[in-house]
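Enquirer: the following comprises the amino acid sequence and a computationally predicted model.
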Amino acid sequence: MTLVSIPANPVPDAVVTGTLKTPDGVSLRFARWAPPPGRKGTVCLFQGRSEFIEKYFETVRDLRARGFAVATLDWRGQGLSDRVLRNPRKGYVRSFSQYQIEPPIPCATLATLRCSRPSRRWRSVRRRWGGRMPRFG
């Protein structure tokens, strides 16, 4: 999956994108940025409902400038992740609990892809509705 870049908001350097499958078969678009030299840890960015990865490029650049690797995703029915309805402009889920399947996925992916060494700290940045989701085990 690619990210949408515009001159006023270009894609930050060193990005890896793709899709992840949830246990119930939904494809979620993700993006992760490798840590800069002297990394301090990894930030998982959980945006609000109706938001998308590209909206946070400035935040990603700021976090990387401060020494963090960054990972984020488009929630189901948001951005370029799978949608249940035929109308791609509508985000829909049957139950809020469907979103609770997703938060461990980007952080687990980062660990698998060695975006941050295990000895480094994990942090999360949450906005609006997305702040209700993350739980780190």
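Expert: Structure's in. What do you need?

Enquirer: which residues of the chain fall in strands?
Expert: 15-21, 27-33, 41-46, 68-73, 121-126 (DSSP state E).

Enquirer: so who does the nearest residue to residue 76 once chain neighbours are set aside touch?
Expert: Leaving out its chain neighbours, the residue that sits closest to residue 76 by C-beta to C-beta, 6 or more residues apart in numbering is residue 26, at 4.9 Å. For every residue, glycine as well, the C-beta is placed using N, CA and C. Residues near residue 26 by C-beta atoms under 8 Å, 6 or more residues apart in numbering: 76, 81-82.

Enquirer: ok, residue 26 to residue 63 distance?
Expert: Counting by C-beta to C-beta, to the nearest Å, the gap from residue 26 to residue 63 is 27 Å.

Enquirer: now residue 81
Expert: According to C-beta to C-beta, residue 81 stands 22 Å off from residue 63.
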